[in-house]
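**Q** After the sequence you'll find the predicted model.
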Amino acid sequence: MGDVKIDVLGVRFDAFTMESALDRAKAWLCDPKPRFAVTPNAEITFAAQKDASLRDTLNAADMVLADGVGVVKAAKRLGRPLPGRLPGVEFAQALLAVMEEKGKSLYLLGGKPGVARAAADRVKGTHPALRVSGVRDGYYEDESAVTRHIRECAPDVIFVCLGAPKQEMWMGRNLENVGPALMLGLGGTVDILAGKTKRAPAIFRRLGLEWLYRVAFHPSRWARAMKLPRFMLAVRRQRRRAKNGV
Ligand code: UDP
């Protein structure tokens, strides 16, 4: 499974489970080429409906994982269910274990100054056999200096944590500038790896309420959460169009 694509508002998601996504990534690690994976949630999928360059970038990715519960619900409404939610942070953590086993190296890009370094130190603690080949915070001025540094470090995998949609556009633009690495766009994952922010407790995750937990602790996220109803309305329109064969 994996090559089935599910269209939600024009973004084509891969029907991957954690297992099939990891299998794909493992195969890629044995056959290095410039590749990138994205993990859009409802907010970014909704934004992509109106922004063709973002949509094209997401659809150009080698892997499109459904990060949020909103996308999973939307796919179900459209009659093309996804196997489930596949949070980028969980995929990243599972991939770290694979990388350690295979002796692969990681570059961490993003977060406020010091965060990527702290994340690297913690990753080295939990995965001693994994090499961290470089880090760079996400508030640089010269993008070409960053891509040059990445090329010099020659990582196998790059966690690109610049927030969405910045990180997706960054990966699309720099696919050929960073060497034969697998890039993953992972938002706040660098903060979680650094121990700076915590994921919602398991009960919230199980109930599909991780977003609510995040909003409670970061009230600035309310505006983002408020876009969800509009996302579901747009999905309803897509379903109606599909039914009418438009
Ligand atoms: N960030 C960055 N450079 C920027 C803007 C954001 O490195 O120019 C980082 C920010 O410090 C944070 C991450 O990107 O670590 C975005 O986190 P957020 O939780 O907003 O992302 P999400 O996972 O919701 O996309």
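**A** It's in. Numbers count the residues shown, from 1 in each chain.
**Q** wait, isn't Y107 in contact with L130?
**A** No. Using CB atoms under 8 Å, Y107 is not in contact with L130, being 11.7 Å away. Heads up, the C-betas are built off the backbone N, CA and C, glycines and all.
**Q** With neighbour numbers in mind, choose between those two.
**A** Y107 (26 against 22; other CB atoms under 10 Å).
**Q** Mind checking what secondary structure the more buried one has?
**A** At Y107 the chain is in strand, as set by DSSP: H, G, I helix; E, B strand; the rest coil.
**Q** so what's it bridging to?
**A** Partner residues in beta bridges with Y107, using DSSP bridges, are G134, I158.
**Q** so what's it up against?
**A** Contacts for Y107 (CB atoms under 8 Å, 6 or more residues apart in numbering) come out as 132-136, 150, 153, 155, 157-159, 181.
**Q** A37: what secondary structure?
**A** Applying three-state DSSP: A37 is strand.
**Q** right, and it touches A60 too?
**A** No. The pair A37 and A60 does not pass the contact test of CB under 8 Å, sitting 11.3 Å apart.
**Q** Comparing these two, which residue is more hemmed in?
**A** Using other CB under 10 Å, the more surrounded residue of A37 and A60 is A37, with 27 against 14.
**Q** Next up, the contacts around the more buried one.
**A** 25, 61-65, 182-185 are the contacts of A37 under CB under 8 Å, 6+ apart.
**Q** distance of it from the ligand?
**A** Distance of A37 to the ligand, given as CB to the nearest ligand atom, to the nearest Å: 14 Å.
**Q** Show me what that residue bridges to in the sheet.
**A** M63, L184.
**Q** one step back: so which of the contacts of Y107 comes closest to the ligand?
**A** Using CB to the nearest ligand atom, R136 comes nearest to the ligand of these, at 9.3 Å.
**Q** What confidence value was assigned to the closest one?
**A** pLDDT, R136: 98.
**Q** With V246 instead?
**A** pLDDT, V246: 70.
**Q** returning to what we had before: and which of the contacts of A37 is nearest to E100?
**A** Closest approach between these and E100, by CB to CB: A25, at 13.5 Å.
**Q** and the nearest residue to the closest one once chain neighbours are set aside, what element?
**A** Leaving aside its sequence neighbours, A25 sits nearest to L95 (CB to CB, 6 or more residues apart in numbering; 5.8 Å). Using DSSP states H and E, the element containing L95 is helix 88-102.
**Q** count of neighbours near the closest residue to L96 other than its chain neighbours?
**A** Leaving aside its sequence neighbours, L96 sits nearest to H127 (CB to CB, 6+ apart; 5.4 Å). Residues near H127, counting by other CB under 10 Å, number 17.
**Q** so who does H127 touch?
**A** 96-97, 99-100.
**Q** How much space separates it from the ligand?
**A** From H127 to the ligand the distance is 20 Å (CB to the nearest ligand atom).
**Q** Now do the spatially most central residue of the chain, the pLDDT please.
**A** Closest residue to the average C-alpha location of the chain: T39 at 3.2 Å, with CA atoms, centre = their mean. pLDDT for T39: 97.
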